[in-house]
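[1] Okay, predicted coordinates and the sequence, questions at the end:
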Amino acid sequence: MRYDLTARLLHWLTALLLIALFGLGWYMTGLTYYDPDYRWTSELHKALGMTTAVVIVVRIVWRLGHQPPPPLASHAAWERALAKGVHLLLYLLMAALPITGYLMATAAGHAIDLFGLYEFPALLTAEKGREESMGMAHEWLAYGGGVLVLMHLGGVLKHQFIDGDATLARMLFGGPLEEK
C-alpha cells in the first residue's frame, strides 16, 4: 500500500527544500560579510527557510489527520522501532530548524522577506546574543538532521537493494507496487 498522493508530494517537496537549504547554508558558512554573494544567499536562505517552514506545518497537520500505511509485514520489530524513532526525530528537527533560523534571522528586530510577497515580522524584540546562540543551535540541528536523513536514506537503500521490498516504491510515483 502506497502513501497517499499528498503525503508523497509533501515528502519530496520537503526533501528538495531541505537539500537546497543545507547546500546553500553550507556554502554561506564560507562567506564573509563583505563577500559579493553574502547578501543574496542570506536572503534566499531565509526566504526558502520560511517557505519550508510553511510546507512543514502543512505536512505535520496533514500527518496528524492521515495515518500512513502500515509497515510491511517483512520488516522486523527492530526495523519498525528504529524507523519510528528516526521519523519522530526528523519531524522534531523539521520543526526546530525553522524556529531557530527565524529567531536567528530576526534577532536584530528585522522582518524576513518572502520573495517580496510577504514579510514575516520579528515577533520578539531585538536581543543581544540571540543571533549567535540561535545560529549555533541552527547549525547543530542542521548537522544532526543531515545524520538522520542519511540514516533514513540508508534504511531505504537497505530495503531496496538488500531486502528487495516495496519500501521505496510506496513513496514514489507510478509504477508497480509489489509488497513482500
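    Looks like it came in fine. Residues are numbered from 1 along each chain as shown.
[2] Tell me the helices and strands packed up against the helix or strand where Leu64 lies.
    Using DSSP states H and E, Leu64 sits within helix 38-65. For helix 38-65, the packing partners by 3 or more CB pairs under 8 Å, 6 or more residues apart in numbering; DSSP states H and E come out as helix 5-28, helix 77-105, strand 112-114. The way it works is simple: take the backbone N, C-alpha and C, and place the C-beta from them, glycine included.
[3] and that helix with helix 5-28, angle?
    Computed by axes from the mean of the first three to the mean of the last three CA atoms, to 10 degrees, the angle separating helix 38-65 from helix 5-28 equals 150 degrees.
[4] May I see the buried residues of stretch 147-155?
    148-149, 151-152, 155 (16 or more other CB atoms under 10 Å).
[5] do the same with stretch 153-166
    Quick answer for stretch 153-166 (16+ other CB under 10 Å): 155, 159, 165-166.
[6] So which bits of stretch 74-93 are buried?
    75, 79, 83, 86, 89-90, 93.
[7] and the gap between Trp62 and Leu10?
    Going from Trp62 to Leu10 by CB to CB, to the nearest Å gives 6 Å.
[8] More neighbours: which of those two?
    Under the criterion of other CB atoms under 10 Å, the comparison of Trp62 against Leu10 puts Leu10 first, with 19 against 14.
[9] what sits against the more buried one?
    55, 58-59, 62 (CB atoms under 8 Å, 6 or more residues apart in numbering).
[10] can you rerun that using 10 Å?
    3-4, 55-56, 58-60, 62-63 (CB atoms under 10 Å, 6 or more residues apart in numbering).
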